[in-house]
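**Student:** sequence and predicted structure below; questions after.
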Amino acid sequence: MTVLDPATGARLSEALAAGASELFDVINGLFLALPGVRTVTWLAARPDQAITLRVGTSDATNFPIGGFDPIDEAPWSRRIYGEKLPIITNTPDEMTFYVPETAELVKLGYGSLVCAPIVIDGAARGTVNLIGVTGLFTPALLAEINVLLPIAALVFTFDEVRA
């Protein structure tokens, strides 16, 4: 059983009280501490505009805040917003089915990804996206990620993230 240690709990409480950007920083650090996870990005759903908007990142150079993608009938949108299930890939070939920009990600040294929907009250509010090298997402690592996802959902309680 994984238990949140008191120091991490205190950092999360302080960040939650301080605001969304501080909470992004702490939670990004938790995900980046997982072996092999190189980058974390966050997308918030804007169903009224039929887009997802990048609202958080651990790599603003390659994945700047404000980037967006459509919510449409593509496999990625159907899986995340229709089925409300994660996308887990471990090779560029698997990534290509869901992510049209796979070639660009491979050039940056990525070969696998997880896009985990954050579902609150039945609605996918957005995703936490983790990317790393090919073959990264083993069952053991996915179990660790799943422990952090309910904590990650706290980000979507902030008006500036939801609006």
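**Tutor:** Perfect, thanks for sending it.
**Student:** E94 versus the closest residue in space to R38 that isn't next to it in sequence, what's the distance?
**Tutor:** Leaving aside its sequence neighbours, R38 sits nearest to G132 (Cβ to Cβ, 6 or more residues apart in numbering; 4.8 Å). C-beta: built from backbone N, CA, C; applies to glycine. According to Cβ to Cβ, to the nearest Å, G132 and E94 sit 13 Å apart.
**Student:** what's the overlap in contacts for these two?
**Tutor:** Counting by Cβ atoms under 8 Å, 6 or more residues apart in numbering, the residues touching both G132 and E94 are S112.
**Student:** between the two, point out the one with more neighbours.
**Tutor:** Under the criterion of other Cβ atoms under 10 Å, the comparison of G132 against E94 puts G132 first, with 22 against 17.
**Student:** make sure that one is actually in contact with Y110.
**Tutor:** Yes: in this structure, G132 is within contact of Y110 by Cβ atoms under 8 Å, at 6.6 Å.
**Student:** shared neighbours of these two, anything?
**Tutor:** With Cβ under 8 Å, 6+ apart as the test, G132 and Y110 both reach R38, T39.
**Student:** the residue most central in space within the chain in helix, strand or coil?
**Tutor:** Residue closest to the mean C-alpha point of the chain, counted by Cα atoms, centre = their mean, is V128 at 1.3 Å. Classification of V128 using DSSP: H, G, I helix; E, B strand; the rest coil returns strand.
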